[in-house]
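>>> mind folding the following:
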Amino acid sequence: MKQYKEPEYNINWPKERVFPQFAYPKELFVVDLRKIDFFNDYRHLVLTSLQGLVNRELPRIYIIYTDMDENWLKTLKKYTKIKIQYVSADDILEKFGNYAKGYIVYDPELPDTVNIATTMAGLYNCVVVHPKDIPWVEKHSLKKFEDLRGKFKNRYKAYLWAYENLWLKCDHRLLVPMCPGPPIEPRIMQVAVRDYVVALRLFVHYLDPNDPMERDLFIKLLKDMPTNTAVLGWHGEDEHLTVHLATCNNKFVVVMAHHYGPLSFANPTVWSGITVSPEPKFKLPPIRSELLGGKKIYITFYVTDGDNLQFDYNLKSFWDDPNRGKIPIAWTISPFLVDVAPFMAWYYTSTATENDTFVSGPSGAGYWYPSSNSNYTTTQLEVTKRYLTRTGLKFTEILGYNDGDGAKYMEALDLIAIKMEYNELRWEYFAIYNYICAKYLIKYPVPVIFGVYHYNEEYANTFLDRIEALKDIDERPIFALVVSQPWDFNVGGLARLKETVDKLANMDNVTIVNFHEFSMLLNPKYGYEIANKLLGKVKSPENLENVKKELSIAESLMKKHLWEEAALHINDAFQYIDVIAEG
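Have a look, this model is predicted:
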C-alpha cells in the first residue's frame with residue numbers, strides 16, 4: 001500500500017445551505033455487499049469509513065448494500081457520463097487504504113462505541129474496525145490508532161467522554177443519531193450514512209431522551225448547535241420526543257439515519273456531489289379545466305413520509321411502478337433533496353406526470369412542531385422560504401399545526417395550500433366544514449386542507465363503500481383528500497390502488513383530480529388568477545359571460561374574506577372553461 005495521504009477537504013458548505021455539496025465524481029469504484037450478513041460481517045465499517053475519507057476529497061467509492069443502490073446506479077449510468085468500475089472489498093483497501101492514518105477498534109461488548117469510533121474516524125482520518133477484522137486491515141498495512149475495548153463502563157460514560165473530548169472538534173451543523181445494533185436494538189446497526197459522518201466530521205450518538213441523564217446530554221448537544229441546523233434521526237421509537245426537543249432548541253429533524261432503514265440512503269457522499277444544471281425544481285402538474293366545475297365529488301390521493309430522506313431514496317420503487325402516473329397522487333418530498341441528492345430531485349421532477357404533485361414534508365424545510373415552540377416559527381421559516389423558493393414547491397404539510405403559526409406560514413411563503421397534520425382527521429371535522437376538507441383563516445385565502453379518508457389496499461373495498469356513501473350527502477361540491485402511508489401498498493405496488501381508482505371513476509359525479517387542481521379550486525385567489533388567464537381561450541360567448549359572472553361574484557366575496565363561498569363560485573366558473581392551464 002502507498003504511503004499515507006492526508007485527505008483533502010474538498011467540500012462546499014456555505015451558510016445558506018443546510019447540507020454541503022461534495023465534488024462532482026468522474027469515476028466510481030463500486031463494491032457490492034448485498035450478499036454479506038450484516039449481523040455478523042462488519043467489513044462494511046472499514047469500507048464505509050474509508051469511503052468517507054476518500055469521498056471527502058473526491059467521490060470515488062460507491063457501495064451497494066441493497067437492490068435500490070444498484071437501481072439508482074443504473075439510472076445514473078443512463079443519464080451521466082460518470083465511469084463505473086466494479087471492484088472487490090480488497091481492491092478498495094488496496095487502492096485507497098493510504099487515505100487512512102490507521103484503524104480504530106470499537107468494543108462489541110459496548111455497541112455504542114461504534115458511534116464513538118465513527119466520530120473519531122472523521123476527526124483523525126481513520127477507519128473503524130470490528131476486532132475480528134484486525135487481521136484483514138493489517139494485511140493491507142493499516143496500523144492501530146486507537147482501541148476502545150474496555151475503555152468505558154457504560155454507554156452514558158462513553159457518550160459523555162465523547163462530548164468532553166470530541167464534540168468541540170466536530171462540525172456542529174448536523175447531529176447524527178445512529179443505532180449501534182444488538183443488543184441495543186434487535187436489528188443491524190445503522191450502516192448507510194456513516195460515510196457522510198466521517199467525511200464531514202460529525203458527532204454520532206444514540207442517546208435515549210427518556211433517560212434523564214442521556215436526555216440532558218442530548219439537550220447540551222442541541223444547545224451547542226447553531227440555530228436552524230438539523231438532527232438526522234432519533235433514538236428508537238422516540239420520534240415525537242426528539243422532534244419536540246429539537247424544536248424547543250430551535251433545530252429541526254431531517255430523517256437520514258432512521259433505525260428502520262439501516263441500509264437506506266447509502267452513499268450520500270456520492271449523491272451530494274452529482275449536481276444538475278439548472279438546479280431542479282418540482283414543477284406543478286397542469287390544471288385540466290375540462291375535469292372541473294359543477295356539483296361533483298372531488299377526490300385526490302396523498303402519500304406521506306416525504307420529509308424522510310430515506311423514503312425519498314426509496315420512492316423510486318413507486319416511481320418505477322407502471323401504474324404511477326395513472327393515479328393522481330401528491331407525493332410528500334424533502335426540499336433538502338436538492339442538497340443531498342440533486343440528481344434524484346431532478347429525476348423525480350423530470351419524469352413526473354400530470355397526476356404527480358409534490359408537497360414539502362412537515363413542516364416545510366425540516367420536520368419540527370410549531371406547537372412546541374411558536375417563538376421559533378419566524379426564524380425557521382427563513383430556511384423554509386429559502387428552500388421552497390429554490391425547489392419551486394408550493395405546498396407544505398404542517399405537523400403540530402395551530403392557526404397562529406399557520407398565519408405566519410401564509411405571510412412568509414408563497415403557498416397554494418397547506419396540508420394539516422399527518423393522518424386523516426375525524427369525520428365530524430369534515431362535516432363541520434360542509435364536506436369540504438379545508439378550513440380558512442380570516443385574512444388568508446390559502447386553504448388548510450385535512451385528510452378525510454385513509455386508503456390501505458387491504459381495506460380497499462371498505463374504502464369504496466365509504467366513497468359510495470358520500471352520494472347520500474346533499475352538500476355539493478364535496479372535496480375529499482385521501483391519505484396513505486408508504487407501507488399501505490404492500491401487495492403488487494400501486495396495482496390495487498389503480499383498480500380502486502378505476503372503480504371510483506365509474507361512479508356518478510365522482511371526479512379524480514391531481515392535488516394541484518384540488519388545491520386550486522379551494523384557493524379562491526389562486527383559482528381566480530388561473531381562470532382569468534383562461535378567459536381569452538373560452539370560445540363560446542355564452543360560456544365567457546358565465547365565467548365572468550362567477551368570477552365577479554368570487555371577487556366580491558374575496559373582498560369580504562368569505563373564502564369558502566368565493567371558492568365555490570370559482571368552481572362554478574370552471575364548468576364553463578374547457579381548456580388546459582399549464583402548471
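>>> which parts of the stretch 251-400 of the chain are strands?
In the stretch 251-400 of the chain, the strands defined using DSSP state E, counting those that start in this stretch lie at 252-253, 287-288, 297-303, 329-333, 356-360, 395-398.
>>> and the fifth one, which residues are buried?
Along strand 356-360, these residues count as buried under the neighbour rule (16 or more other C-beta atoms under 10 Å): D356, T357, F358, V359, S360. C-beta here means a position set from N, CA and C on the backbone, and glycine is covered the same way.
>>> okay, and D37 sits in which element?
Using DSSP states H and E, D37 is not contained in any helix or strand.
>>> can you check L160 too?
helix 155-165.
>>> what does K533 give?
Judged by DSSP H and E, K533 forms part of helix 524-534.
>>> tell me where the longest helix sits in the protein.
Secondary structure of the chain read by DSSP state H shows that its longest helix is helix 541-559.
>>> what packs against it?
Packing partners of helix 541-559 (3 or more C-beta pairs under 8 Å, 6 or more residues apart in numbering; DSSP states H and E): helix 524-534, helix 563-574.
>>> got the buried residues for stretch 218-228?
Buried residues in stretch 218-228 (16+ other C-beta under 10 Å): F218, I219, L221, L222, M225, N228.
>>> list the contacts for P445?
Residues in contact with P445 (C-beta atoms under 8 Å, 6 or more residues apart in numbering) are N523, P524, K525, Y526, M558, W563, A566.
>>> likewise W72?
Contacts for W72 were tallied using C-beta under 8 Å, 6+ apart; they are Y313, K316, M344.
>>> equivalent analysis for L222, please.
Neighbouring residues of L222 by C-beta under 8 Å, 6+ apart: L175, V231, L245, A246, N249, K251.
>>> where does it land in three-state SS?
helix (DSSP: H, G, I helix; E, B strand; the rest coil).
>>> what distance do you get for it to Y196?
20 Å (C-beta to C-beta, to the nearest Å).
>>> domain ranges for this protein?
If you go by automatic domain parsing, the domain ranges for the chain are 27-271, 287-523.
>>> distance from the chain centre to the shortest one, please.
What that stands for is domain 287-523. Computed by C-alpha atoms, centre = their mean, to the nearest Å, the chain-centroid distance of domain 287-523 equals 14 Å.
>>> same check, this time on the first one
Its chain's C-alpha centre and that of domain 27-271 lie 20 Å apart, by C-alpha atoms, centre = their mean.
>>> all helices of the stretch 351-500 of the chain, in order?
Ranges of helices in the stretch 351-500 of the chain, per DSSP state H, counting those that start in this stretch, are 377-391, 403-412, 427-432, 460-469, 495-505.
>>> distance to P280 and mean neighbour count added to those, as TSV?
As requested, these are exported to TSV (distance: least, C-beta to C-beta, whole Å; neighbours: other C-beta atoms under 10 Å):
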stretch	distance to P280	mean neighbour count
helix 377-391	8	19
helix 403-412	23	17
helix 427-432	36	13
helix 460-469	34	14
helix 495-505	27	17
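>>> which one of the ones you listed lies closest to Y348?
Closest approach to Y348 among those (C-beta to C-beta): helix 377-391, 10.9 Å.
>>> so what does that closest one touch, helix or strand wise?
Here helix 377-391 touches helix 337-340, strand 356-360, helix 403-412, going by 3+ C-beta pairs under 8 Å, 6+ apart.
>>> can you tell me which of these comes nearest to N456?
strand 356-360 (20.0 Å).
>>> what's in contact with that closest one?
Residues outside strand 356-360 that contact it (C-beta under 8 Å, 6+ apart): 282, 284-285, 302, 306-307, 324-325, 328-335, 348-349, 352, 384, 387-388, 391, 393, 395-397, 419, 514-516.
>>> how deep is the closest residue to D488 other than its chain neighbours tucked in, by neighbour count?
Nearest non-adjacent residue to D488, counting by C-beta to C-beta, 6 or more residues apart in numbering: N456, 4.3 Å away. For N456, the neighbour count with other C-beta atoms under 10 Å is 16.
>>> residue contacts, N456?
N456 sits next to F463, S484, D488 when contact means C-beta under 8 Å, 6+ apart.
>>> all strands for the stretch 1-150 of the chain, in order.
27-32, 61-64, 83-86, 102-105, 126-129, 144-147.
>>> would you mark the buried spots in the helix holding K533?
Neighbour counts over helix 524-534 (16+ other C-beta under 10 Å) mark P524, K525, Y526, G527, Y528, I530, A531, L534 as buried.
>>> over to stretch 20-27?
P20, Q21, F22, A23, P25.
>>> now that stretch: average pLDDT?
Stretch 20-27 shows a mean pLDDT of 98.
>>> same check on stretch 488-507?
The pLDDT scores in stretch 488-507 average 91.
>>> what sits up against that stretch?
Around stretch 488-507, the neighbours that count as contacts under C-beta under 8 Å, 6+ apart are 297, 299, 301, 317-318, 321, 323-324, 326-328, 454-458, 460, 463-464, 467-468, 471, 510, 512.
>>> which residue packs closest to R386, ignoring adjacent ones?
R386 sits nearest to E16 (C-beta to C-beta, 6+ apart), 6.5 Å away.
>>> the one you found contacts Y387, correct?
No. E16 is beyond contact range of Y387, at 9.7 Å (criterion: C-beta atoms under 8 Å).
>>> residues in contact with the residue lying closest to E109 once chain neighbours are set aside?
What sits nearest to E109 in space, not counting adjacent residues and going by C-beta to C-beta, 6+ apart, is R149, at 7.3 Å. Listed by C-beta under 8 Å, 6+ apart, the contact partners of R149 are V105, Y106, D107, E109, P131.
>>> same list (the helices of the stretch 351-500 of the chain) but as CSV, adding distance to N210.
Compiled in CSV, the helices of the stretch 351-500 of the chain are given as follows (distance: least, C-beta to C-beta, whole Å):
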stretch, distance to N210
helix 377-391, 25
helix 403-412, 27
helix 427-432, 32
helix 460-469, 37
helix 495-505, 38
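>>> the ones you listed: which one's closest to V46?
Closest to V46 of the helices of the stretch 351-500 of the chain is helix 377-391 (C-beta to C-beta; 35.3 Å).
>>> per-residue confidence for M1?
pLDDT at M1 comes out at 66.
>>> likewise for F203?
Here, the pLDDT recorded for F203 equals 98.
>>> looking at it, it is touching M120, isn't it?
No. With contact defined as C-beta under 8 Å, F203 does not count as touching M120 (10.5 Å).
>>> between those two, which has more neighbouring residues?
Legend: neighbour count by other C-beta under 10 Å for F203 and M120, higher for F203 (28 against 25).
>>> for the more buried one, grab phi and psi.
Dihedral angles of F203 (phi, psi; degrees, to the nearest 10) stand at phi -100, psi 130.
>>> quick check: it vs W346, distance?
From F203 to W346 the distance is 31 Å (C-beta to C-beta).
>>> picking that back up, dump the longest helix of the chain to PDB, restricted to CA.
Only the C-alpha atoms of helix 541-559 are listed here, as PDB (Å, rounded to 0.1, in the frame of the first residue of the first chain):
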ATOM      1  CA  PRO A 541     -69.700  33.900 -25.900                       C
ATOM      2  CA  GLU A 542     -72.300  32.400 -23.500                       C
ATOM      3  CA  ASN A 543     -69.700  30.400 -21.600                       C
ATOM      4  CA  LEU A 544     -67.400  33.500 -21.500                       C
ATOM      5  CA  GLU A 545     -70.200  35.600 -19.900                       C
ATOM      6  CA  ASN A 546     -70.900  32.800 -17.400                       C
ATOM      7  CA  VAL A 547     -67.200  32.600 -16.400                       C
ATOM      8  CA  LYS A 548     -67.100  36.400 -16.000                       C
ATOM      9  CA  LYS A 549     -70.200  36.400 -13.900                       C
ATOM     10  CA  GLU A 550     -68.900  33.700 -11.500                       C
ATOM     11  CA  LEU A 551     -65.500  35.400 -11.200                       C
ATOM     12  CA  SER A 552     -67.100  38.700 -10.500                       C
ATOM     13  CA  ILE A 553     -69.100  37.200  -7.600                       C
ATOM     14  CA  ALA A 554     -66.000  35.400  -6.300                       C
ATOM     15  CA  GLU A 555     -64.100  38.700  -6.400                       C
ATOM     16  CA  SER A 556     -66.700  40.400  -4.400                       C
ATOM     17  CA  LEU A 557     -66.800  37.600  -1.800                       C
ATOM     18  CA  MET A 558     -63.000  37.700  -1.500                       C
ATOM     19  CA  LYS A 559     -63.000  41.400  -0.700                       C
END
